[in-house]
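> Sequence first, then the predicted structure, then my questions.
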Amino acid sequence: MGCLKKLFSTIQVFVLSFTIFSIELYQKFLSPLMISRCNYYPTCSGYAIDSLKHHGFRRGFWRFFKRFIRCNILNKKRIYDPVTDTVEENNTYEH
């Protein structure tokens, strides 16, 4: 059982690292080519990295996914929504 647990842990670390690396590639190469319409601070990609690092892959990805679904380009307000341990109300961020 010890080997299986170690293998599972290694796979989790690899998946987490690969996901964060992929998001960082997106931020560096693709994001600058797109029109910025993000209503959140930090941006969704920045939130994803913070959430993955803070909560791990499963919970971090789920939190990012819920935030991504809430994104609405018609909203004109900037919303400050950092990664936290608990779900809190969003605050308006004046930038």
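Structure's in. What do you need?
> For R63, list the residues it contacts.
Applying C-beta atoms under 8 Å, 6 or more residues apart in numbering, we find R63 in contact with S51, H55, V83. C-beta here means a position set from N, CA and C on the backbone, and glycine is covered the same way.
> what's the lowest-pLDDT member of the residues you listed?
Lowest pLDDT among those: V83, with 90.
> what about the closest residue to that one other than its chain neighbours, how many neighbours?
In space, and not counting its chain neighbours, V83 is closest to D50: 4.2 Å by C-beta to C-beta, 6 or more residues apart in numbering. A total of 17 residues lie near D50 under the criterion other C-beta atoms under 10 Å.
> Check which residues of the one helix or strand D50 maps to are buried.
Assigned by DSSP states H and E, D50 belongs to helix 44-55. Buried residues in helix 44-55, defined by neighbour count with 16 or more other C-beta atoms under 10 Å: C44, S45, G46, Y47, A48, I49, D50, S51, L52, H55.
> Which stretches in this protein count as helices?
2-25, 44-55, 57-70 (DSSP state H).
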